[in-house]
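Colleague: Any chance you can model this:
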Amino acid sequence: MTVFVTQPAQHDHTAPYTAHLGAEVGQSVRVRLRTTLPVTRVRFKLVRGGEVETHPTREVKGGEIVGAGEGRWFEYSLPLDAAVVRYAWQLELAGDHLNLTMSGLHRTVRGFRDWFQYLAGYRAPQWAWGSVFYQIFPDRFRNGDEASDVQTGEYSYGGRPVQHVPWLTPPDRAGDIHAHYGGDLPGITEKLPYLKELGVNALWLTPIFTSPSNHRYDISDYRAIDPHLGGQAAFDALMRACKASGVRVVLDGVFNHVGNENAIFRAALEDETAPQRPMFTWRQGLSAQPNSLPYHAFMDVPTLPKLDYASEAAQSEFLAGESSVVDYWLRQGIGGWRLDVAHMMGSGGSDEGNLELHRQLKATARAVNPEAYVFGERFFDAERAMAGDGEDGAMNYHGFGLPTMQWLSGQSESFVPSRLDGVELTGLLWDAYHALPPQVALNMFNLLDSHDIPRALYRLDGDKTKLRAALTLLLGYPGVPCLYYGTEIGLSQPERGAMPFCRAPMPWPDEGGAASGWDSQLFADVQRLIRLRRDTPALQRGSMRFLLATPDAVGFVRELEGVQVAVLASRRSDGQAVTVALPAGTWRDALSGEAVRGVEVALSLDGGRVLVREG
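Modeller: Numbers count the residues shown, from 1 in each chain. As a prediction, the model looks like this:
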């Protein structure tokens, strides 16, 4: 059930409802409920020791509470006896009662998945909440040092020579992993002023370690920056420049598999008695299957042999402790790790022990940097992994990006037609959001497109009004927003599909980029949305409830300490007005300055709107 702002009872993670987040196990924290219902009594339900306890609450006067708003207030001192404490409110009325959970008001008792959660002792990397990320695929962003470029025929990979291609060459299947464009770390450093002008303050770089391919997810040496990207000196220069500019850098951790040219794998493959052998999983009884790999690999791709984390050597090499790769680069100043195919890491060629591995990785990261931000690529439902003790969050494909783009485009990411409407969309978004602890929901990494899925503008058939609507939702939604390089100027892709077409080079004017490939007005609009996100605490840390759900329009309200921000969008591009039932008061468009009176108002939502309640 989607929860709307019209619900007559409210509790969430923000002040004044929750005194503070992250209190330690053994402590207590004050929680409050506000309701406009004619309640006779409010009781508090608490899961403790596996049992549901029911306790009385204390009514408090709204005048004692900053930003109290309309209604009666009830509070309870929540004891934190475990790392995750689940609770609900029972509202009693004449001849009836209702239960308030994250799924709304119900007469029945909902399952524990729907109850409110308090995550005790968890310290979120709150710098990420105030960040707007920018994803860079280094080979395609900017060539800052042509002397380091891969040259055609310089070496062979997978039986084919690599190629150096001119900068604006459209990606195609023939080039795929072999076509190198020359983008590098000096290019990123050179364009930091551009990124600062846009307003982003954090970067996610796809792999930058030594590798034979252009995507570098087949890493040969995890402790060396690829010389074709500029090597260690270029990395050091980038980190110095980012620190001076207030920009954090998160690197891509490919810890499910290595490249088949990696020295650890070569030693394991060539000698069955090698100490590296247990770090990989070897298939047995393949004499009748001559074309099968003798080892497990990511998606059975021969160049991507899968690590076996039943091996303590694999754990210590990559994830755990001061000798690990995780530790090594955090000590060089990175802000965290994005974990490639995080859901697949495990033992015995499977995902067995996956969550425990992520707990080890997180412990290593936090020991070096208590504010390290660790998020995983979990393409599907990530809920089971999001308890805070492992990854801080996940790439929110399931809970935001894919359904939002499916609604706007009328097709899935694989171009299957869809009639998903805004009512079903809001139901899915709320379902994914409400089941997470509040800090984890704010940690989720939101995106519209990436190096793995089709470009947003291409999926929207080039409709930039719809793209603006998508970006409005992205910059307003709970979680950490991330732009894929070039989206801000209207970069698309040459043909239908995902990889490699979504990896087109950035069309810099001094590299021959045409004016038609560089939309300065779109850049300015994205710049304003980013500034609004970074200047508005309610968009960074606020609660969310939905405001609007029709087939063609959706909207939600973010709220923090009495400040309400409405984020609205339509999938239409024809200027048709949508009737929106805003809470009473005066609202002002945060981008245009237009004033709007609350209650029911007809608004054009083309391209999205952000309204801030003034009173």
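Colleague: Please spell out which residues along stretch 142-156 are buried.
Modeller: Within stretch 142-156, the residues that count as buried by 16 or more other C-beta atoms under 10 Å are Arg142, Asn143, Gly144, Asp145, Ser148, Asp149, Val150. (Each C-beta comes from the backbone N, C-alpha and C, glycine too.)
Colleague: and which of those is nearest to Trp407?
Modeller: Using C-beta to C-beta, Arg142 is the member of the buried residues of stretch 142-156 that lies nearest Trp407, at 33.3 Å.
Colleague: so what's the closest one closest to, chain neighbours aside?
Modeller: Gly187 (2.9 Å; C-beta to C-beta, 6 or more residues apart in numbering).
Colleague: can you check Asp308 too?
Modeller: Leaving aside its chain neighbours, Asp308 sits nearest to Thr281 (4.3 Å; criterion: C-beta to C-beta, 6+ apart).
Colleague: So the one you found is in contact with Ala314, correct?
Modeller: No. With contact defined as C-beta atoms under 8 Å, Thr281 does not reach Ala314; the gap is 10.3 Å.
Colleague: higher neighbour count, the two?
Modeller: Ranked by neighbour count (other C-beta atoms under 10 Å), Thr281 and Ala314 place Ala314 first, with 23 against 20.
Colleague: just checking, the more buried one touches Asp308?
Modeller: Yes. When contacts are counted by C-beta under 8 Å, Ala314 is listed as touching Asp308 (6.2 Å).
Colleague: distance of Ser450 from Ile136?
Modeller: For Ser450, the distance to Ile136 equals 11 Å [C-beta to C-beta, to the nearest Å].
Colleague: now the helices: where do they sit in this structure?
Modeller: All helices of the chain, identified by DSSP state H, fall at 185-190, 192-198, 231-245, 263-270, 312-318, 325-330, 354-368, 402-409, 422-434, 438-443, 456-459, 464-476, 520-535, 537-541.
Colleague: Show me the shaky parts of the stretch 251-400 of the chain.
Modeller: For the stretch 251-400 of the chain, applying pLDDT under 70 flags the ranges 285-291.
Colleague: now the strands for it?
Modeller: Ranges of strands in the stretch 251-400 of the chain, per DSSP state E, counting those that start in this stretch, are 336-339, 373-376, 393-394.
Colleague: number of nearby residues for the residue nearest to Arg142?
Modeller: Residues lying near Gly187 (other C-beta under 10 Å) number 24.
Colleague: hang on, the earlier thing: columns mean neighbour count on top of the strands of the stretch 251-400 of the chain, output as a markdown table?
Modeller: Listed next are these as a markdown table, based on neighbours: other C-beta atoms under 10 Å:
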| stretch | mean neighbour count |
| --- | --- |
| strand 336-339 | 26 |
| strand 373-376 | 27 |
| strand 393-394 | 28 |
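Colleague: how about these in a markdown table, adding distance to Ala23?
Modeller: Shown next, in a markdown table, are the strands of the stretch 251-400 of the chain (distance: least, C-beta to C-beta, whole Å):
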| stretch | distance to Ala23 |
| --- | --- |
| strand 336-339 | 24 |
| strand 373-376 | 21 |
| strand 393-394 | 20 |
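Colleague: Give me the common contacts of Ala314 and Asp308.
Modeller: The contact sets of Ala314 and Asp308 overlap at Pro278, Met279 (C-beta atoms under 8 Å, 6 or more residues apart in numbering).
Colleague: Determine the longest strand present in this protein.
Modeller: Of all the elements of type strand in the chain, the one with the most residues (DSSP state E) is strand 577-589.
Colleague: circling back to that earlier point, spit out the residues that contact Thr281 and Ala314 alike.
Modeller: With C-beta under 8 Å, 6+ apart, Thr281 and Ala314 have common neighbours Asp308.
Colleague: pull the helix or strand with minimum mean pLDDT from this protein.
Modeller: Sorting the helices and strands of the chain by mean pLDDT, DSSP states H and E puts strand 595-604 at the bottom, at a mean of 89.
Colleague: That one - contacts with which helices or strands?
Modeller: Contacts defined by 3 or more C-beta pairs under 8 Å, 6 or more residues apart in numbering; DSSP states H and E place strand 595-604 against strand 577-589, strand 609-613.
Colleague: switch to 7 Å and redo it
Modeller: strand 577-589 (3 or more C-beta pairs under 7 Å, 6 or more residues apart in numbering; DSSP states H and E).
Colleague: In terms of secondary structure, what does the strand it packs on contact?
Modeller: strand 563-570, strand 595-604, strand 609-613.
Colleague: Could you check how far it is from the centre of its chain?
Modeller: Taking the mean of its C-alpha atoms, strand 577-589 sits 29 Å from the chain's own mean (C-alpha atoms, centre = their mean, to the nearest Å).
Colleague: Check stretch 270-278 too.
Modeller: 38 Å.
Colleague: Just give the nearest non-adjacent residue to Arg597, would you?
Modeller: Thr586 (6.1 Å).
Colleague: More neighbours: which of Ser450 and Ile136?
Modeller: Just comparing Ser450 and Ile136: by other C-beta under 10 Å the higher neighbour count belongs to Ile136, 26 against 23.
Colleague: Any idea what that one is bridged to?
Modeller: In this entry, Ile136 is beta-bridged to Leu205, by DSSP bridges.
Colleague: what's near enough to touch it?
Modeller: Ile136 sits next to Ile188, Leu203, Leu205, Tyr485 when contact means C-beta atoms under 7 Å, 6 or more residues apart in numbering.
Colleague: Next: Gly388.
Modeller: Leu119, Tyr122, Pro437, Gln439, Val440 are the contacts of Gly388 under C-beta under 7 Å, 6+ apart.
Colleague: Could you check the pLDDT of the first one?
Modeller: In this model, Leu119 is scored at 97, pLDDT.
Colleague: Help me confirm that it comes into contact with Ala441.
Modeller: No. Using C-beta atoms under 7 Å, Leu119 is not in contact with Ala441, being 10.5 Å away.
Colleague: residue contacts, the residue most central in space within the chain?
Modeller: Centroid-nearest residue in the chain: Phe445, 1.0 Å away (criterion: C-alpha atoms, centre = their mean). If a contact means C-beta under 7 Å, 6+ apart, then Phe445 has Phe375, Gly393, Ala394, Met395, Asn396, Gly479, Val480, Cys482 as its contacts.
Colleague: Same list, the helices of the chain, but as CSV with distance to Leu591 please.
Modeller: CSV is the format used below for the helices of the chain (distance: least, C-beta to C-beta, whole Å):
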stretch, distance to Leu591
helix 185-190, 29
helix 192-198, 16
helix 231-245, 25
helix 263-270, 52
helix 312-318, 45
helix 325-330, 38
helix 354-368, 37
helix 402-409, 19
helix 422-434, 22
helix 438-443, 23
helix 456-459, 20
helix 464-476, 9
helix 520-535, 6
helix 537-541, 13
